[in-house]
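Colleague: dropping a prediction and its sequence here:
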Amino acid sequence: MKGNLMEETPFSFVPYQGEQFEPAEMLKRSEAYYQWMNQRRTLREFSDRPVPLAVIENIIMTASTAPSGAHKQPWTFAVVVDPAIKAQVRQAAEQEEHENYHGRMSDEWLEDLQPFATDWHKPFLELAPYLIVVFRKAYDLLPDGTQRKNYYVQESVGIACGILLAAIHHAGLVALTHTPSPMNFLQNILQRPENERPFLLIPVGYPADDAQVPNLQRKEKADIMTIY
Ligand code: IYR
């Protein structure tokens, strides 16, 4: 049965064909990759400059190479391009965020956010050329309505989002990992099936010409790593 081939066909094994490097080359590559990834920044100020949809498709296909529990690939990526849908998303997100900033978030939380100068206004939800809404599939729904379990869904989708962010950076674009809360409005606006739950809302595009980012420091090696 096409579309559900994996349900019926057990995996066979094939030779692994990934690249390998000698230690010196490995060191050079790993250092260069770190330096390059260290330039990735979260942005909140986007340009409306168009980006080809094919680039976004490649980025999403890259994210879909993530490992997942029992290879269930428990994710879907909804790409919002339509300005009318973006406007609905913005309206709903701002409504929730207004409540968050006016009573739902603790004083400690608000204090922690103060350096970032965020508030309930989310213009980037209309400005950015694309909103990628990542859904986690709590379970799979077969065409006959039966449910199939997925495993380690949070971990799997979290890893896919990490790879998505690296692919966005690799394309020279920027993103915001946005989590308006609660975000079930995304399931309604995008009319997703009941087994899909919103995981992250990621505006993607070029940065605004005058975009600024907080002057953050990342933790030192000694603060994040222990060798036994
Ligand atoms: N979701 C809110 C608040 C917010 C929370 C955290 I934690 C952040 O790192 C940033 C913002 C908002 O989007 O403004």
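Modeller: Sure, I can see it. Numbers count the residues shown, from 1 in each chain.
Colleague: and the residue of this protein closest to the ligand?
Modeller: For the chain and the ligand, the shortest gap (Cβ to the nearest ligand atom) falls at Thr118, measuring 4.1 Å. The way it works is simple: take the backbone N, C-alpha and C, and place the C-beta from them, glycine included.
Colleague: name the nearest residue to that residue, ignoring sequence neighbours.
Modeller: In space, and not counting its chain neighbours, Thr118 is closest to Arg44: 7.3 Å by Cβ to Cβ, 6 or more residues apart in numbering.
Colleague: return the residues in contact with the one you found.
Modeller: Applying Cβ atoms under 8 Å, 6 or more residues apart in numbering to Arg44 gives the contacts 118, 124, 176.
Colleague: could you dump those residues to TSV with secondary structure?
Modeller: Below are the contacts of Arg44 laid out as TSV (DSSP: H, G, I helix; E, B strand; the rest coil):
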residue	secondary structure
Thr118	coil
Phe124	helix
Leu176	coil
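Colleague: which among those end up buried?
Modeller: By neighbour count, with 16 or more other Cβ atoms under 10 Å, the contacts of Arg44 hold 124, 176 as buried.
Colleague: beyond the longest strand belonging to the chain, next helix or strand please.
Modeller: Ranked by residue count and defined by DSSP state E, the top strand of the chain is strand 196-205. Counting by DSSP states H and E, the next helix or strand C-terminal to strand 196-205 is helix 221-224.
Colleague: that next one packs against which elements?
Modeller: For helix 221-224, there is no helix or strand it packs on, judged by 3 or more Cβ pairs under 8 Å, 6 or more residues apart in numbering; DSSP states H and E.
Colleague: what mean pLDDT does that helix have?
Modeller: For helix 221-224, the mean pLDDT works out to 98.
Colleague: now that helix: how far from the chain's centre is it?
Modeller: Its chain's C-alpha centre and that of helix 221-224 lie 25 Å apart, by Cα atoms, centre = their mean, to the nearest Å.
Colleague: which residues does the closest residue to Tyr130 other than its chain neighbours bridge with?
Modeller: For Tyr130, ignoring the flanking residues on the chain, the nearest one in space by Cβ to Cβ, 6+ apart is Val204 at 4.7 Å. Taking DSSP bridges as the rule, Val204 bridges to Tyr130, Ala175.
Colleague: returning to that earlier point: what pLDDT does the residue of the chain closest to the ligand get?
Modeller: pLDDT for Thr118: 95.
Colleague: ok, and what's touching the host helix or strand of Glu57?
Modeller: Using DSSP H and E, Glu57 maps to helix 53-63. Contact with helix 53-63 is made by 75, 77, 79, 81, 130, 132, 160-161, 163-164, 166-168, 171, 173, 204, as judged by Cβ under 8 Å, 6+ apart.
Colleague: out of the residues you listed, which are buried?
Modeller: Here, 16+ other Cβ under 10 Å leaves 75, 77, 130, 132, 160-161, 163-164, 166-168, 171, 173, 204 buried among the contacts of helix 53-63.
Colleague: in strands only, show me the residues you listed.
Modeller: 75, 77, 130, 132, 204.
Colleague: now do the contacts for the first one.
Modeller: Neighbour list for Trp75: 63-64, 66, 68, 134-137, 156-157, 160, 199 [criterion: Cβ under 8 Å, 6+ apart].
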